[in-house]
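Enquirer: just a sequence and a predicted model for now, questions to come.
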Amino acid sequence: MQTATQKDPLVIDRQGWFYAGGAYDETLPGKPMTGQMYVEFQIPENRTSPYPVIFIHGGQQNGTNWTGTPDGREGWSQFFLRRGYASYVVDQVARGRSPHNNPADGELAPLDRDFATRRFIAPERHVDWPQGALHDQWVGPATPGDPVYDQFVASQNPSLASYARQQELNAAALIALLDRIGPAIVVVHSQSGAFGWVAADQRPHLVKALVALEPNGPPVRDIENLGSPDWFRDTGRWKVSGLGDVQLTWEPPLAAGETLQWAREDKAQCEGCTICWKQAEPARRLPNIAQVKIVMITAEASYHAPYDHCTTQFLQQAGVSLDHIYLKDRGIKGTGHMLMIEKNSDEIAGVVVEWLGENIGSRQ
């Protein structure tokens with residue numbers, strides 16, 4: 001008899017890799033190619049969905065987020081393959097197996113293990129945001145020397161220091177990938193959320209669904225986590241589109257030199273939440289993104305829990321309809337930001353598969 005931890009063999013019809021995007025830079029020594037994104041694909045023998053899934057990792061991460069977990073379980077790529085979806089897993093431009101060329105791409109931000117521990121691994125030990133105390137889904141003690149902790153830290157990669165350059169390069173490579181493989185389901189996480197909005201804006205006919213797992217946010221201004229009692233304050237850059245540093249297609253269009261105008265709410269909408277930013281009225285619309293089916297997913301204990309509602313409302317103000325699933329409302333509790341590798345990762349993947357089945361189906 002097969003036990004709960006055993007699975008049937010995963011039968012792959014085709015697999016391989018390629019690079020999407022990129023261009024030769026004749027101005028640099030050696031005339032290298034720059035801006036290319038590594039893509040690893042698998043096509044299951046029992047493919048039932050005409051639309052493949054593109055998995056894009058977040059900051060300090062690489063494609064291994066999707067191909068397994070630090071404690072050795074199958075990842076989301078295998079979860080979706082077993083349910084009939086082709087899988088395309090990328091390493092962001094200038095990250096992992098996508099070459100980093102400093103003169104073309106810009107400097108890398110240094111890795112910070114303490115930051116990763118507080119944000120991704122064990123927020124319950126620090127409680128920099130109110131919901132962090134609820135976190136209990138990391139596998140193991142989350143301390144150096146523990147094999148799971150060590151494997152996760154070993155997998156970390158530096159991100160490009162410039163947010164604008166990250167988004168410019170990765171959005172272009174993602175669009176090149178969509179142009180190559182055709183209509184697809186795009187799954188973005190955290191930092192890569194900003195790339196997803198650009199792809200949906202520029203290729204709405206190719207993004208069959210956008211699954212935004214705690215996408216880069218909140219809108220307009222980032223926030224700093226202060227801990228109790230103040231918890232949050234606005235910080236950092238003004239995001240050119242509100243959702244990121246690459247401008248989107250607005251209706252009415254922005255005139256040459258014109259910028260969007262912002263308004264900050266007077267108070268937070270809920271206890272333990274940040275104060276939201278939005279457009280000043282009358283608000284412009286995002287007509288291209290409004291064509292795409294979108295679901296946003298937020299975990300109970302993540303640092304996104306205080307502000308993902310601001311992203312949803314920003315999109316709705318711009319005429320974009322989307323579903324926003326709070327995992328705690330589905331009985332999936334205690335999860336942090338790395339929801340694809342924690343103990344309940346399969347449950348969360350199941351929520352995504354269920355939503356896809358209800359919204360785009362498994363067959364044409």
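Expert: In hand now; what should we look at?

Enquirer: every contact and neighbour count from this point should use C-alpha atoms.
Expert: Noted.

Enquirer: the stretch 151-300 of the chain: strands as residue ranges?
Expert: Assigned by DSSP state E, counting those that start in this stretch, the strands in the stretch 151-300 of the chain fall at 184-189, 207-213, 221-227, 231-238, 262-264, 277-279, 294-298.

Enquirer: now the ones you listed in CSV, please, with extra columns for mean neighbour count, mean pLDDT and distance to K333.
Expert: CSV is the format used below for the strands of the stretch 151-300 of the chain (neighbours: other Cα atoms under 10 Å; pLDDT from 0 to 100; distance: least, Cα to Cα, whole Å):
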stretch, mean neighbour count, mean pLDDT, distance to K333
strand 184-189, 24, 98, 19
strand 207-213, 25, 98, 16
strand 221-227, 16, 93, 22
strand 231-238, 14, 91, 22
strand 262-264, 13, 97, 30
strand 277-279, 20, 98, 27
strand 294-298, 23, 98, 11
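
Enquirer: is it true that Q78 touches T67?
Expert: Yes. With contact defined as Cα atoms under 8 Å, Q78 counts as touching T67 (6.9 Å).

Enquirer: nearest to V198, of the strands of the stretch 151-300 of the chain?
Expert: strand 207-213 (10.7 Å; Cα to Cα).

Enquirer: just the angle for the closest one relative to strand 294-298, thanks.
Expert: Angle, strand 207-213 to strand 294-298, by axes from the mean of the first three to the mean of the last three Cα atoms, to 10 degrees: 10 degrees.

Enquirer: run the chain-centre distance for strand 207-213.
Expert: On the basis of Cα atoms, centre = their mean, to the nearest Å, strand 207-213 is displaced by 10 Å from the centre of the chain it belongs to.

Enquirer: that strand packs against which elements?
Expert: In terms of contacts (3 or more Cα pairs under 8 Å, 6 or more residues apart in numbering; DSSP states H and E), strand 207-213 is packed against strand 184-189, helix 193-202, strand 294-298.

Enquirer: what's the second one packed up against?
Expert: The reference is to helix 193-202. helix 163-181, strand 184-189, strand 207-213.

Enquirer: one more time with 6 Å
Expert: helix 163-181 (3 or more Cα pairs under 6 Å, 6 or more residues apart in numbering; DSSP states H and E).

Enquirer: ok, residues contacting the helix it packs on?
Expert: A20, G21, G35, M37, V93, F195, A199, D245 (Cα atoms under 6 Å, 6 or more residues apart in numbering).

Enquirer: neighbours of the second one, just the number please.
Expert: For G21, the number of neighbouring residues by other Cα atoms under 10 Å comes to 22.

Enquirer: ok, then the element right after the host helix or strand of it?
Expert: Using DSSP states H and E, G21 falls within strand 12-24. Remark: after strand 12-24, the chain's next helix or strand is strand 33-44, criterion DSSP H and E.

Enquirer: hang on, the earlier thing: just the contacts of helix 163-181 now: which is nearest H337?
Expert: F195 (18.1 Å).

Enquirer: for the worst-scoring helix or strand of the chain on mean pLDDT, packing partners?
Expert: None of the helices or strands of the chain scores lower by mean pLDDT, DSSP states H and E than strand 231-238, at a mean of 91. Judged by 3+ Cα pairs under 6 Å, 6+ apart, strand 231-238 is in contact with strand 221-227.
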